[in-house]
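Q: Generate coordinates for the sequence data below:
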Amino acid sequence: MQYQFIGYWGFGFPSELNTILTKLTEEKKTKLFNFHQGITVGGISYIGGEEMELARGETLIASLSASGLSDSIDAWVKQENNQLILGREPFGRVPLYWAKIEKVIWFASQLKLLLPIIYEPSISIPGFYGYTCFSYVPTPLTPVENIFAVPAGTEQIFLEPEIQIQRHYDWRENLVQVEDKNNAITQLQTLLKNAINRQIIDLNYEPVGVFLSGGLDSSIVAALLVQEGIKVRAYTLDFGKNSFSEWEYAEKVAQHLDIPLMKVSVTPKLIKSALLDTVKALDLPFGDGVTVPLYLLCKTAAQEVSVIFNGEGGDQLFAGWTNKPIIAAAIYNKQENFIQQYLHTFHKLWGYEQKVFQPQIYERVKNISAEKWVEFALDDTFCMGLIHKLRRASLILKGAQNIHPRATNLAFANGLVVRSPFCDLELTEWTFQIPGEFNLKGSNEKYILKKAVESWLPPEVVWREKRGMGVPLSYWCLNELWSEIRQWLNPEVLQAEGRFISDLAITIIQGKLGGQIRSRRVGEILWLLMIWEIWRVTILGESTISNSGYNPLLLPPWWWKWIEQVKN
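A: Numbers count the residues shown, from 1 in each chain. Got it, this is the predicted structure:
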């Protein structure tokens, strides 16, 4: 089981600081270290597991690896030349946080570990606004004032009184592009096999799990593991009759590879039972509807295996189906600049600020530029070609700030380590050498990847049109999960909280936000709001705020829709 850690570094009294540290963790695994006795002091506590054998020499104080591989460190704490250095690898698999209290830097692998050292922790308005734009909080912000996240691919260097951010890696387009498609396909096959081999080096005879969605990427991972003789158990999700079924494709893959497949049927009842545990496991608010199903998948897999493989990252590398709208917009929509077009691909609340926030919050966010949070990822300095630019942006934003850290947190919470073969530096750097047209052929996305693996998997899996994980959020939120929506988005509670307008849920259901917030997006936005409310109460500890008992959401969603139709 992976440990978590919290520590301090700076100028202070060691006995007092260590007393605080011990109280925070209530653990006896506290390891003290001194940089220069009497000048700079430090201490650290490892929580919930054994300290990992460190592979970077005496300067390394702590490290974490999502995969559990000692030669694959994802987040680290070092001390060099009387400097504290906090760093993360570029895929963003493991988060890392810090806060400055007087002349002491506190650091931790979980946000919740730092909350007790902040006097009366409060919401960061920019962090809160970022969450509503993206469904995750953009780094280096967190949702809490005075606590910050180390961005992926950077090292945060502390030398009193200076704090510096230094990028140690950047994704960029290669000036030399592969010209021959057949050579590229052969190279890709080798790179995929090498990526798997690097992640199975410590495996013996115990089985490993694969989260098999039925899509191409996870199917490739399963096929490669089987080719290498690894015992594989596959796990897939079934969302029932109200969703687009993906598990049938997972079943085809499992039969083709002759591996056992466990289907986890996700029902609203199971969602309700795992909702609070998922938010606690995630640590930060992540507002995508897949998080609770993935938590349930981890929980199921943990009963049989300790190592899980997934296909996360494939869409980012090979211009997956989610890139289609922005590619079309870049070609045909000349009314908005490219950064604005890209912001729309998140399908959240950017652009609706005046309709969703109470006036005092709107005044504070209206001059915050969400464009600033994505412009570095879309910088032409690093990538000129459209596909390369989108790849870079997806790696920095949707991958490193959302998909990978939440996968790690969900796995760790269930005693698993998670391995993502598409998060392979050699493979990823190679994709920046591939012309954009190799990835797209007509409406067929990920073309070169499909050509490389078409002999490994059934053709109906390789060449089918991808639609994404079909979580039926709108149906669930407006039916079986309405009791949760009613509880957490109670207008009286929202009004007293002072951030969202009180009747926001009703406004969404009635279609008054307009734009893209219709049909299936209704459930996505209601879920986004609900997760925030659960997070601020269960993690931050804000009051749920007592109310009079009157709640207009006691009336069902169809009633509010009918009222709006009658008015019109």
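Q: Might you report the residue contacts of residue 425?
A: Going by C-beta atoms under 8 Å, 6 or more residues apart in numbering, residue 425 touches residue 90. The C-beta positions use only the backbone N, C-alpha and C, and glycine is treated the same way.
Q: Please apply the same query to residue 85.
A: Contacts of residue 85 by C-beta under 8 Å, 6+ apart are 76-79, 155-158.
Q: Would you agree it falls within a strand?
A: Yes: counting by DSSP: H, G, I helix; E, B strand; the rest coil, residue 85 falls inside a strand.
Q: what about it, distance to residue 98?
A: According to C-beta to C-beta, to the nearest Å, residue 85 and residue 98 sit 11 Å apart.
Q: Overlap of the contact sets of these two?
A: With C-beta under 8 Å, 6+ apart, residue 85 and residue 98 have common neighbours residue 156.
Q: Now residue 262. Its backbone dihedrals?
A: phi -110, psi 130 (degrees, to the nearest 10).
Q: hang on, it packs against residue 238?
A: No: the criterion here is C-beta atoms under 8 Å, and residue 262 misses it with residue 238 at 10.5 Å.
Q: which residues touch the closest residue to residue 535 other than its chain neighbours?
A: Among residues not flanking residue 535 along the chain, residue 285 sits closest, at 4.0 Å (C-beta to C-beta, 6 or more residues apart in numbering). Neighbour list for residue 285: 131, 136-137, 143, 279, 531-532, 535-536, 539 [criterion: C-beta under 8 Å, 6+ apart].
Q: what's around residue 148, how many residues?
A: A count of nearby residues for residue 148, using other C-beta atoms under 10 Å, gives 22.
Q: Hmm, it is touching residue 99, no?
A: Yes: using C-beta under 8 Å, residue 148 is in contact with residue 99, at 7.0 Å.
Q: Which ones among the contacts of residue 285 lie within helices?
A: 131, 279, 531-532, 535-536 (DSSP state H).
Q: more crowded one of residue 262 and residue 238?
A: The neighbour count for residue 262 versus residue 238, taken as other C-beta under 10 Å, is higher for residue 238 (19 against 16).
Q: now the more buried one: how far from residue 418?
A: 21 Å.
Q: Would you mind giving the secondary structure of residue 450?
A: Under three-state DSSP, residue 450 comes out as helix.
Q: show me where the stretch 351-500 of the chain has helices.
A: Using DSSP state H, counting those that start in this stretch, the helices assigned to the stretch 351-500 of the chain run over residues 353-356, 359-365, 372-375, 386-394, 404-413, 425-431, 436-439, 447-453, 459-462, 473-477, 482-488, 491-497.
Q: hang on, isn't residue 44 packed against residue 63?
A: No: Residue 44 is beyond contact range of residue 63, at 11.4 Å (criterion: C-beta under 8 Å).
Q: In contact with the residue most central in space within the chain, which residues?
A: Residue closest to the average C-alpha location in the chain (C-alpha atoms, centre = their mean): residue 402, at 2.2 Å. Each residue near residue 402 by C-beta under 8 Å, 6+ apart is listed here: 134-136, 286, 288.
Q: ok, those vs residue 175, which is closest?
A: Checking the contacts of residue 402 against residue 175 by C-beta to C-beta gives residue 134 as the nearest, at 31.4 Å.
Q: separation between the closest one and residue 526?
A: 17 Å.
Q: Quick check: pLDDT value at the closest residue to residue 396 other than its chain neighbours.
A: Of all residues beyond its chain neighbours, the one nearest residue 396 is residue 377 (4.1 Å), with distances taken as C-beta to C-beta, 6+ apart. pLDDT, residue 377: 96.
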